[in-house]
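Novice: One predicted model, sequence on top.
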Amino acid sequence: MTVQNRKTAEIGLWLCLILIVLVSAARLLPHPSNFTPVGALGLFAGSYLGLRRYWLVPVAALLVSDVFIGFYHPVAMLFVYLAFTACALLGHVLLSARRNVLRIGCAAFLSAVLFFLVSNLGVWLAGQYYPLSWVGLWQCYAMALPFFGNTLFGDVFYVTILFGIYEGVRAGVPRLRDSRVA
């Protein structure tokens with residue numbers, strides 16, 4: 001590994017750690033339900049990080065903050081973690097090769113939809129609130145609809161911040177301009 005590649009990798013690892021800490025802290029601050037930066041972090045990590053384990057970045061942020069917030073039903077929790085892992089995969093597939101405002105906006109919308117579908121499936125499968133029937137599944141999704149708006153607005157808001165700041169910094173740092181991080 002060349003010195004320049006090593007320094008770029010170090011910057012990428014520091015970026016991951018900083019983002020994990022910031023996103024974990026953001027989940028601990030008061031905020032509207034589902035208005036969090038975790039989905040945006042997944043898209044960002046999938047888009048920019050050259051690490052094979054880019055999907056661990058949102059998972060680590062969730063885990064760190066869940067230690068303080070508290071853990072919940074294991075099935076529901078598993079599906080929330082899977083949903084954010086899928087958001088990172090979505091960022092990797094849709095945004096790692098090409099990024100523009102339209103693609104990033106579409107990815108943020110798809111990320112919110114994906115999180116809504118997967119996480120609420122987990123809530124239903126946990127069997128705590130809704131009967132394990134088709135009626136219960138539809139009821140679960142219907143009751144979750146008011147939270148979808150916050151998820152969507154949170155993803156769009158935090159995607160704008162994460163991608164905007166990073167692209168601004170990247171434009172000013174020649175070493176980051178033409179390479180993936182880490």
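Specialist: Perfect, thanks for sending it. Numbers count the residues shown, from 1 in each chain.
Novice: which helices and strands does whichever strand or helix holds residue 107 pack with?
Specialist: In the assignment (DSSP states H and E), residue 107 maps to helix 101-126. Under the contact definition 3 or more CB pairs under 8 Å, 6 or more residues apart in numbering; DSSP states H and E, helix 101-126 sits against helix 38-48, helix 74-95, helix 134-172. Quick note: C-beta positions are derived from backbone N, CA and C, even for glycine.
Novice: Is it possible to get CSV of these that adds distance to residue 101 and mean pLDDT?
Specialist: Shown next, in CSV, are the helices and strands packed on helix 101-126 (distance: least, CB to CB, whole Å; pLDDT from 0 to 100):
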stretch, distance to residue 101, mean pLDDT
helix 38-48, 13, 92
helix 74-95, 11, 95
helix 134-172, 9, 92
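Novice: Among those helices, which comes closest to residue 103?
Specialist: Closest to residue 103 of those is helix 74-95 (CB to CB; 6.1 Å).
Novice: pull the CA atoms of the closest one into CSV?
Specialist: The C-alpha coordinates for helix 74-95 follow below in CSV (Å, rounded to 0.1, in the frame of the first residue of the first chain):
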residue,chain,number,x,y,z
PRO,A,74,-35.2,-9.2,19.8
VAL,A,75,-37.2,-9.9,16.6
ALA,A,76,-38.2,-6.3,16.1
MET,A,77,-34.6,-5.2,16.8
LEU,A,78,-33.2,-7.7,14.3
PHE,A,79,-35.5,-6.4,11.6
VAL,A,80,-34.5,-2.8,12.4
TYR,A,81,-30.8,-3.7,12.1
LEU,A,82,-31.5,-5.6,8.9
ALA,A,83,-33.4,-2.6,7.5
PHE,A,84,-30.5,-0.3,8.1
THR,A,85,-28.0,-2.8,6.7
ALA,A,86,-30.2,-2.9,3.6
CYS,A,87,-30.0,0.9,3.4
ALA,A,88,-26.2,0.6,3.3
LEU,A,89,-26.5,-2.0,0.6
LEU,A,90,-28.9,0.3,-1.3
GLY,A,91,-26.3,3.1,-1.1
HIS,A,92,-23.6,0.8,-2.4
VAL,A,93,-25.7,-0.4,-5.3
LEU,A,94,-27.2,2.9,-6.3
LEU,A,95,-24.6,5.5,-5.3
